[in-house]
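My questions concern the predicted model and sequence given below.
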Number of protein chains: 2
Amino acid sequence: MQKLLKGLVQKNSTKIVLVVLDGLGGLPLNGKTELEAANTPNLDALARAGACGLHVPVAYGITPGSGPGHLSLFGYDPVEFQIGRGILEALGLGMEVKKTDICLRCNYATLENGVIKDRRAGRIPTELSRIITEKLSSEITRIDDAEILFAPGMEHRFAVIFRFPEPLTPAADAVNDTDPQKEGEAPLAPVASSPSAGRVAKVAEKFVTEVSAALKKEKQANYILLRGFSVMPHLPSFDEAYGLNAAAIATYPMYGGLAKLVGMSTPHVPGGVQDEIDFLKANYDSHDFFFLHVKKVDSYGEDGNFTEKCKRIEEFDALLSQILSLNPDVLMVTGDHSTPAILKGHSWHPVPVLIKSPYVLGGLCAGFSERECTKGELGIFPTVNLMPLALANAGRLKKFGA
Amino acid sequence: MQKLLKGLVQKNSTKIVLVVLDGLGGLPLNGKTELEAANTPNLDALARAGACGLHVPVAYGITPGSGPGHLSLFGYDPVEFQIGRGILEALGLGMEVKKTDICLRCNYATLENGVIKDRRAGRIPTELSRIITEKLSSEITRIDDAEILFAPGMEHRFAVIFRFPEPLTPAADAVNDTDPQKEGEAPLAPVASSPSAGRVAKVAEKFVTEVSAALKKEKQANYILLRGFSVMPHLPSFDEAYGLNAAAIATYPMYGGLAKLVGMSTPHVPGGVQDEIDFLKANYDSHDFFFLHVKKVDSYGEDGNFTEKCKRIEEFDALLSQILSLNPDVLMVTGDHSTPAILKGHSWHPVPVLIKSPYVLGGLCAGFSERECTKGELGIFPTVNLMPLALANAGRLKKFGA
C-alpha cells in the first residue's frame, strides 16, 4: 500500500487526528457490546454524519498483538514489518531503541544444580525485582564492545539492551532464547544462527555468566533467561511515507515507543485522557498528524470488566467536544484491535472505525458500534487502508495515473 | 494465509463442524432465490444469532469447479494449489490417488481412417462403456514399470491411473492431451514437455496402441483420447496446517477424495443426509473437525430444478437440530460455490455462510439467504479466510505478535 502512495503524497496545511481507543471492539454481553451499552452521544453523532466501517488489522481470524495492531493503523503491513518481542518489551518499559541495539526480554529465574527450578523466580515482588535490576545495572555496564542497558519491569520481568557501536543488520538478532520453556531442564546456551549474530551470542553468553555471578547470593532470582532477541526493524518514517510531521500522545511507554519506530515525535505525556487532550491543544500548531492513544479501554477489556470498559469509552465521549473544537480536517476514532470483555483478551474481530471529514457520504449508521459500522460506507477492510483514506480526506494525495 | 497460521495454531478439545450444501448459492426465480423460497426455520434462527456473510471461492466473476470450491473452503489458495482434471476424474470415480500416480480422464472415441470421427464414440451407453472398460482392465495391467488401473464412468468417460513404483515430481504430468478437440482431425501424440514427463509420455503412447488393438472390433468405441494428465498436488495436511484431526463425511466419492488430498480421514458413508448425520454422531468423539457434504442441493441446481433444490435445502434444515444437539463449538453452514437453478450450473456468485459460535455479534440478518447475508458481520470475503475464522472461534489460534 505504501508503495502505491510513492509519488502521490502532497503536503498541505491540513490536520489529521487519529484517536485510538485501545482494544475498542467488543462482543455482546446480554445482547449488547461495550460500545452499544455505553452512552456515547458524541461518538454516535459523528458516526451518523461520518464514514464508518470495520477494519481487519492482520487477517480474518488473526488476533493481533499491540505491535501489529498499531503498525496496521499507521499503514504498515504487519506481516511484512514484524516487531520483535524484545523490542516491544524494551519500548513498553520506556527504553529508547536505536538501530545499534539488540533488545531482550528477560526473566529472573531460579537455578538449582544446573537446572531451572522456577522459570519466574517465584514471581518475585516488583519492588525486589527493581532493586536487583538496579544493582545489575550499576555493576554490568559493558561487555566486549556493547554497552549494556537495563529496565526494571513487573515481577520477574525486565528488559535489556545490548547497544553496539554501529547499526546492526536484521539478521544480527538470530540468537535462540535461552529459556528451555520447562522447569527441571538446563537453560540453553545462546547460539547464533546467522554470521552477523555471532558477536551478539558471545555477548549474551558472557552476560549470563556475569549476571549469574552477581546474583549468586539471591535465593530465588539467582539466574536469568533471555528471550526475544531483536533488532529494530527498518520502517519508513511518517515523513518519508506520508510527508507528515507526526506526534504521538500516549501515556503508556509502549505506544509512544511504537510511534517512535515510525518517526513520530513522542513527547512525555503523563496523566490521563484529559492531559492528553490538553497536550493536543497546546501543540496543535506544531504537527500535522496526531496519534492520541487511550489505553484504559483495553485494560478493562483484558480484565473482563465490561462495565468499566464502557465507562472508559463514555469518559472519552465526554471529552470528544474538546477535540472537535480544534476542528481537525480529518478525525478518525477507532481501536488497534478488539478486546471483548467476555474474552478477557485481544481478539480477531474487526474493529469499528469512524472518519469525520467533509468528503464522506454519511447517514448510514444510527450510532457508533460494531453492528452499526457493518452498515457503513467503508465496509470491512484491511486496517492498512486507513492511512491512505486519511490522507485522501485531508487532500494529501494526488491522482494516480492520468 | 496458511503461512501466517504457522506458529499460531494451538490444539484444544473443541469441535468444528463444516456443513457444505454443495452449490448452495442461488439467484431469484420470480423474485426469490432458492434459499429465500425454501422454508428453513432452523437455518434462519442460526443466521439471526450467528455471524453471516458471503464468500468468494476464487475471485470476483470466477466460477469455481468443485476442486477449487472445496480447496478454498479447506483454506487452501485454489490458484496456488490446482487439482488436475485427471485427479478429479479419478477421485470422482472412487479411485484412490497416490503420490506415485499419473491420473487421466479418458474418452472412448471413434477413429476412422486415422481421423477422429466422433470424440465421444456416439456417447455409448454407460453399461456398454463399463463392460468395455472392465475388459481393458483385465487385459492391460502393466506398461513398462507402470501399473495400469481403470475406473468406468458415465457414457464415453472413464479414468485411468498409471501407477509408477516411486513418487513423481509435479512436472511429471507435463504431457499434452491427445484429444484434438475437433472431429475430422487426427489424434495427437502424447508428448512430454518436461524431462521428468518423458517416461509418462512413453507409457501413454504404448497405452493408446494397446487399447486400440484391444478395441479394434468395436464399432464406436474403437479408440481412446487421453486428457488431463495430472499428478497428486502436494497439499499440507489438515493436521500439519491446522493441528486438526479431520474427518470427511461424504457419500459421493469425489468429495471424500478431495478431503483425502488434505489428509482427512474418509470413511465410506453410504446413503443420504440422515446417514451422514448418523455417522457424525457415532464418530463425534474420534475427530475434532468434520466436513459434512450434502450433494443433492447442487445436483438439482445443475438440473435447473429450482423446486427440488429448495426441497433438498429444506430436508437439511429439518435435520439440523440433530447436529445442533451435539453442541459443536463452531458450526459453519455454507456451499462450495453457487449453482443457481436458473443457470443450470456452477456460477461465480458469492456463497452465503453462517457461523454459529459464542464469539459473534449476531443480530444482523433476518434469516439465511444471499440477500440477508450481505448485511452480516463477515462481509464479502475470500473463501480461504473461513478456516482461520473457524480456528479463531474454536480458540485454536494464538495471538499474532506481542
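Here it is on my side, so go on. Just so it is clear, the model here is predicted, and its values are computed rather than measured. Residues are numbered from 1 along each chain as shown, chains lettered A, B, ... in the order given.

helix, strand or coil for residue A:181?
coil (DSSP: H, G, I helix; E, B strand; the rest coil).

Not counting its neighbours along the chain, what's nearest it?
residue A:119 (7.8 Å; CB to CB, 6 or more residues apart in numbering or on different chains). To be clear about C-beta, it is placed using only N, CA and C from the backbone, and glycine gets the same treatment.

okay but the one you found is in contact with residue A:177, surely?
No: counting by CB atoms under 8 Å, residue A:119 does not reach residue A:177; the two are 11.3 Å apart.

Find the residues that touch each one of the two.
Listed as contacting both residue A:119 and residue A:177 by CB atoms under 8 Å, 6 or more residues apart in numbering or on different chains are residue A:225.

pLDDT value on residue A:315, please?
For residue A:315, the model assigns a pLDDT of 98.

wait, I meant residue A:94
At residue A:94, the pLDDT recorded in the model is 89.

Report the contact partners of the closest residue to residue A:51 other than its chain neighbours.
Sequence neighbours aside, residue A:360 is the residue nearest to residue A:51 in space, at 3.8 Å (criterion: CB to CB, 6+ apart). By CB under 8 Å, 6+ apart, residue A:360 lies in contact with A:49, A:50, A:51, A:377, A:393.

The residue nearest to residue A:181: neighbouring residues, count only.
19 (other CB atoms under 10 Å in any protein chain shown).

ok, now which ones touch it?
Residue A:119 neighbours (CB under 8 Å, 6+ apart): A:107, A:109, A:179, A:181, A:183, A:225.

Quick check on those residues: which are buried?
Applying 16 or more other CB atoms under 10 Å in any protein chain shown to these, the neighbour count classes A:107, A:109, A:179, A:225 as buried.

Whichever residue of the stretch 1-150 of chain A sits closest to chain B and residue A:349: what is the separation?
For the stretch 1-150 of chain A, the residue closest to chain B is residue A:61, as judged by CB to the nearest CB, at 2.9 Å. Distance from residue A:61 to residue A:349, counting by CB to CB, to the nearest Å: 10 Å.

joint contacts of these two?
In contact with both residue A:61 and residue A:349: no residue, using CB under 8 Å, 6+ apart.

Neighbour count: the two, which is higher?
residue A:349 (27 against 24).

SS state for that one?
Residue A:349 is classified as coil under three-state DSSP.

does it really touch residue A:25, like I thought?
Yes: with contacts counted by CB under 8 Å, residue A:349 reaches residue A:25, the gap being 5.2 Å.

Next one: the residue nearest to residue A:51 relative to residue A:370, how far apart?
Distance from residue A:360 to residue A:370, by CB to CB: 19 Å.

One more: residue A:325?
Residue A:325 is 28 Å from residue A:370, by CB to CB.

Settle it for me: which of the two has more neighbours?
A count of neighbours by other CB under 10 Å puts residue A:370 above the other of residue A:325 and residue A:370, at 25 against 9.

so that one touches residue A:34, yeah?
No: proximity of residue A:370 to residue A:34 does not meet the contact threshold set by CB under 8 Å, at 9.1 Å.
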